[in-house]
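A.B. asks: Whatever this is, show me its structure:
(chains A and B)
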Amino acid sequence: MAYRLGVDVGGTFTDLLLVHETSGKTWSAKVPSTPEDQSIGVVNGMMRVCEYAGIDPALIDHVMHGTTVATNTVLTSTGAKCGLVTTKGYRQVLQIARSFVPGGLGGWVIYNKSLPLAPLACTIEADERVSAKGEIVHALDEAKLRASLRDLKTKNIEALTVSLVNSFANDKHEKRIREIASEVLPGIPVSLSSEVVPEMQEYERTVTTVANSYVRPRVARYVRNLKSKLSIRGEDVKLHILRSDGGLASATSSEEFPVNLLMSGPAGGVTGAVWVALQSGFRNLLTADVGGTSTDVALIQNGEPRLRRETTVGDVTVRASSVDIRTVGAGGGSIAHVPELTKALRVGPQSAGADPGPAAYNRGGTEPTMTDASIVLGYLPEGQKLGGDMVLDRELAGTAVQKVADALKLSRKDAALGIYNIVNENMVGALRLVSVEQGYDPRDYALIAFGGAGPLHANALSRLLGSWPSIIPPGPGVLCALGDVTTAVRDERARTFVRKFSETSAREIVKILRELASEASESLEREGVSKREIRTSWQVDLRYHGQGLRLTVDTDIKDIEKRGLQAISEQFDAEHKRLFTFALQLEHEVVTLRASVQGKGISLKRTALAKGGPDPKAAAVGKQKVYMDGKDLTAVVYDRRKLRAGNKVKGPAIIIEMDSTSVVLPRHYGLVDKVGCILIYPDGYKKPAARKAKR
Amino acid sequence: MPAKIIQGNKKAFKKVKVDTVTIDIIESALRNARYEMDTVLFRTAMSPGIREQHDEFPMIANVEGKMVVGQFGSFIWGFMQGYDGTIEEGDIFLTNDPYSVNGAISHANDWLMLMPIYKQKRLIAWSAMFGHMTDVGGKVPGSLPTDARQIFEEGIRTPPVKIYQRGKLQEDVLKILLHNCRLPHWNLSDFNAITAALRTAGIRCIEIAERFGDDVFYSSMHAMLERNKRAMRELIRRTVPEKKQYFEDYICDDGLNMGPYKIACSMWREGDKCIFDFTGTDPQSLSSINFLLNEEMFKMFAGVYMIMVFDPQILFNDGFYDLMEVRIPPGTLLKPLKPAALSCRTHALGRIFDILGGLLGQGNPSFMCAAGFSDSPHFMYSGYDKNGDWYQLYQITFGGIPGKPFGDGPDGHSLWPSFTNVPNEFLESYFPLRIDIYETLPDSGGPGKNRGGNGLRIGYRFLEPGEISIHDDRWLTYPWGVNGGLPGARSRKTLVRADGSEQLLESKLDHIKVEAGDLLLADTWGGGGCGDPLERETGKVHFDVEAGLVTVEGARRYGVVIRADGTVDGAATTALRKEMATARGPAQLFDRGFETIEELRSRCKAETGLEPPTAPQFTKWAKRIAEERKKGTKAA
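C.D. replies: Below you'll find the predicted structure:
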């Protein structure tokens, strides 16, 4: 019988989760990552987990994988040497970008722009022109282009991008250039902007397609390599890679469009968190994935992560759908400092990273970090190790925090609490971006915190936002592999189709949406998803004619057929009103049409946690002095493995487990539910009556 | 008569002691609220200038009207002193008249809106925002006539009025305003967007006050101002010398073929106080290049510039205002008297930053930046298309960022915060034109150890008959270089007619008729170079040559010799650099690219193809009124 394997490759560990497809039974394993060639760690892990399960690895037929290869390629600037072909007059499209200088008034004084991913020296122009409506203004000069491509050949490029003006409206010239390039530059992979992101806006389309080319050779090599290593006995394992938007892509499509994988890693965490929370009965969530240097947050509405139409990695922002994850530079390694002139307390975004890491790691770090503050506060009790084997030096942590205390003229504990509070505030800032700023009231959401340091902050974040309960999933450090394995295969097709309502019709819109859906379904069928398992959903991006924004509304083809374009404009007006408090009496305009298709996910069984009474004392393993809310208190320390369903842990309490530590604040309690999640509530909490989203 | 503030709850705020961490938290929360105002506005505004290019400025101020977070500094205190009426919960004020608010906004296109924030019937804070409307009526599309003599030609104006009175929209007032604009639905949408942004700030302030208590909220805002003052006092002491520094720069012409106009400023320190004195600035212009400069706004520019150069960690707000004094003689280009035209003030507004750089840099040459794209020149194109529909484009263009001690200036970028260009595919979809060329001009950035950014060339191909307007500057004077850096290239506008004939355009013009097929080559100027170009790493020069940002000929200005095969000739480079260093002598602090204005005029025609402007003539009445005011014989 068939098995599925979920794999998440992190910086330190590779996590694996094996699922038996029919029974839903699971096994997990954790092995060290192998950064020089991640596929080695993956295969080691696969062997390990199959050993635990006592099965032959050949029985695995689907491997689902979240990868950071694409992300790291961008962050470490180790991508391909890219050539670029633009329309004549647009050679510097990446150099000029959007002319934007970050940092407020006078920000240019300290702004140094990073170099474009495709060097100008490797950028050539094609003598051609297409109009915004898609008419050919000048035919492509093929002879000139061949000559330019031959010049480019001497520059030893490893990948080529073609991005011509208005190619979203007519891709003929881009396609022809690919044909010519394959003759002049055989073996060089070519990415076309009209295929990678057929949308208006020349800079965004170009940078996205160039980013695709930039990461393509490395991702392709990795994927091919991994696939061959996974194919035991020559059988064809279906390898799927988690995309930034939380869907799964085939190995082939990952090789061709790796720009869709830039957020693959964090998307796995969100997907896993959603899955766990659903088991506990929560569909509306804020997620906080707290790592060493940063925290990723997202909003989940009715079990679905919100998506956005762009992805940012380092300095690079591209037009590719991703789970709307916002990142803030606040994590365990964030460094606290007090600037000389203002005497304010600032934490992050500088981070001590993993090396030298917080002062307490005793690897030469002397700057006070969030982790050091947690030690001073007693939140990481004696004997608790980080990541399983890291012994913490409490002396060094105290000395480091003292620096901030001296600068602020505060006691050491108050300085540590200040650091903790500021970090929480920074995280709340990011959570507000995905909630309040999008018109969602955080009080209507539960908060789920994971990643190694998430459970230290969960209770405090929920208190600041009014998001209850605070959910701490079992194994908060290993959620991503779970996300990978529970994800359904997904694909989408989109087309920019800018028309005022008066210039189009319901019939035309429906026709295009159907075409897009059938193209997307065919691609899923090629992945072995059977036709009747495919679920299709449609989205239309709209705006008022003349506006710059576009809002995405989910729509149903049948509804458009029945009620005409009104079916989408009504939804748009309502959404506009919810977000911005007003709607306008102006003509609507369609911008983009999109069809998303999805195969069936997998159902797995979580072993229910053994039941216990409300009293958790069997799990108590000691006491710890802590400093919470400005008071010295004694917290009971619990061993999470010994907690039972139904246990009610009263704050102040510290709950320890192998890869994480949870804090329950005074006047709060943690309830252990049947699947092992800890649900933290304030004492006397009553679920509020449903309230209207407030803005 | 100061405004009367109506409050149901007159309980005074209590100054309480707030711990540092709480202040920091409230500071972050207010900063988030201010960014949220931007987000709300960008997403719903219609004028491309606001929506795509972000020509808008939000602010949150404390109960006394002092800006706590924002960019341009607060004018609310001044407004409250001058507004003869009541301020009540639910009111929102609107004005676009610079003369009514002492230059808090500086031309009629900027609609400024102010909202008092009430919590439990008590005023607790203010939010304010202004944005550049594409059109406010007047004699030309875009409402920025280059030849206006009086502000009455520049569109409809409103003094501060309650556009919302106790929460109710004064529809009749809005109707009158919109009725006078060429694109009323854009103005309406932008108006709604600003209102939504102000209310967002209001909700956030109330939430913060609820969370921490009103007195803590009040006291924290004070503490934030105080914190900034402390930091700025230190900064001023360290960076502003007691010895008087003087700098001058120019606006090339006034659109009436007169110029250049001088802006002069002296700066010195007396104790903790930094004084800026604009004595020596030319009298106000007959045309619309006047810039009604608000003293408080100038303090903010100066403060921000110091912060960015010396310590970018400091959060800026109005706290340091007492530490600066700004003296602008009335009747000058920077303090014109009513009813002088103001619409084309963008050149003088931008040039202020070059002047600040020149002033502050003299005391600290190692921190000095060159001159750059100190402007936001506009381009306009309007007419009726084939279907008889009115089209009207207003665009801001970009240029070279100065070379700076910290690195090269980016090519074709914006000196203004958060401004972005409009995607050309968007323009081509909505307006009858094609952008055939969009690139930066090689060698237009001034050579230096750190290179100035290149200017931008936009080739507009018009597809319908219509009219264009040009708003430009630095076509005569240069963006200067510093510490041995050379000046950047000047701007230039060429109209290539469909028949191939070429016509050079003056820098400030309206009503230029264009036909389908005509091409406008709009070249903006580069940034000046910073530091000795002979000290620039040859590798960097070579890189720029390969990238096409500097030509082989241009590389020689750095003393770098490139062989025919594209490689660097090391020996020839060493020799050339030595020869150039000897010929040049020691590096100059400033290189303006000219000796005297007369000398500059004399080579104008040969270099630019345009006739030199004549010496400016000034209005006698403005001068006279200014003198009388000074003597106290005429009321202000």
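
A.B. asks: CA atoms for contacts and neighbours, from now on please.
C.D. replies: Fine.

A.B. asks: What pLDDT is listed against residue A:159?
C.D. replies: Residue A:159 is assigned a pLDDT of 96 by the prediction.

A.B. asks: for it, which residues make a bridge with it?
C.D. replies: Applying DSSP bridges to residue A:159 yields these beta-bridge partners: residue A:82.

A.B. asks: Enumerate every residue touching it.
C.D. replies: A:80, A:81, A:82, A:83, A:188, A:189, A:190, A:213, A:214, A:216, A:217 (CA atoms under 8 Å, 6 or more residues apart in numbering or on different chains).

A.B. asks: Now with 6 Å, please.
C.D. replies: Going by CA atoms under 6 Å, 6 or more residues apart in numbering or on different chains, residue A:159 touches A:82, A:188, A:189, A:213.

A.B. asks: Now for those residues, which sits with the most neighbours around it?
C.D. replies: Neighbour tally across those (other CA atoms under 10 Å in any protein chain shown): the maximum, 32 neighbours, falls on residue A:213.

A.B. asks: Flag every residue of the stretch 151-300 of chain A that's near chain B.
C.D. replies: Residues of the stretch 151-300 of chain A found near chain B (CA under 6 Å from any CA of the partner chain) are residue A:201.

A.B. asks: In the stretch 151-300 of chain A, where is pLDDT below threshold?
C.D. replies: The stretch 151-300 of chain A contains residues with pLDDT under 70 at A:232-235.

A.B. asks: For it, which residue gets nearest to chain B?
C.D. replies: Per CA to the nearest CA, residue A:201 is where the stretch 151-300 of chain A lies closest to chain B, at 5.5 Å.

A.B. asks: helix or strand for the nearest residue to residue B:67 once chain neighbours are set aside, which one?
C.D. replies: With CA to CA, 6 or more residues apart in numbering or on different chains as the measure, residue B:61 is the residue that lies nearest to residue B:67, at 4.0 Å, once sequence neighbours are left out. If you go by DSSP states H and E, residue B:61 is part of strand B:56-62.

A.B. asks: Check which strands are paired with the helix or strand following that strand and give the direction for each one.
C.D. replies: Proceeding N to C from strand B:56-62, the next assigned helix or strand is strand B:67-70, under DSSP H and E. Partners of strand B:67-70 in the sheet, by DSSP bridges, are strand B:56-62 (antiparallel).

A.B. asks: List of residues touching the strand it pairs with?
C.D. replies: With CA under 6 Å, 6+ apart as the test, strand B:56-62 has contacts from B:50, B:67, B:68, B:69, B:70, B:125, B:126, B:127, B:128, B:129, B:130, B:131.

A.B. asks: Looking at those, which is nearest residue A:152?
C.D. replies: residue B:50 (40.5 Å; CA to CA).

A.B. asks: Tell me how many other residues surround that closest one.
C.D. replies: Neighbour count of residue B:50, defined by other CA under 10 Å: 26.

A.B. asks: so who does it touch?
C.D. replies: Taking CA under 6 Å, 6+ apart, we find residue B:50 in contact with residue B:56.

A.B. asks: could I get the contacts of strand B:56-62 as TSV with distance to residue A:587 and pLDDT?
C.D. replies: As requested, the contacts of strand B:56-62 are exported to TSV (distance: CA to CA, whole Å; pLDDT from 0 to 100):
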residue	distance to residue A:587	pLDDT
B:50	20	82
B:67	38	93
B:68	39	93
B:69	36	91
B:70	34	87
B:125	37	97
B:126	34	97
B:127	31	96
B:128	30	96
B:129	27	95
B:130	26	93
B:131	24	92
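
A.B. asks: what comes up buried for the helix or strand of chain B with the lowest mean pLDDT?
C.D. replies: None of the helices or strands of chain B scores lower by mean pLDDT, DSSP states H and E than helix B:620-631, at a mean of 71. By 16 or more other CA atoms under 10 Å in any protein chain shown, the buried positions in helix B:620-631 come out as B:622, B:623, B:625, B:626, B:627.

A.B. asks: cool, stretch B:144-160 as well?
C.D. replies: Buried positions in stretch B:144-160, judged by neighbour count with 16+ other CA under 10 Å: B:144-151, B:153-158, B:160.

A.B. asks: These in strands, which ones?
C.D. replies: Judged by DSSP state E, strands contain none of the buried residues of stretch B:144-160.

A.B. asks: Which member of the contacts of strand B:56-62 is positioned nearest residue B:558?
C.D. replies: Comparing these against residue B:558 with CA to CA picks out residue B:50 as the nearest, at 39.9 Å.

A.B. asks: On the three-state scheme, the closest one is what?
C.D. replies: Of the three states, residue B:50 takes helix according to DSSP: H, G, I helix; E, B strand; the rest coil.

A.B. asks: How many residues are close by the residue nearest to residue B:67?
C.D. replies: 27.

A.B. asks: Quickly list what it is bridged to.
C.D. replies: Bridge pairing for residue B:61 - DSSP bridges - gives residue B:67, residue B:126.
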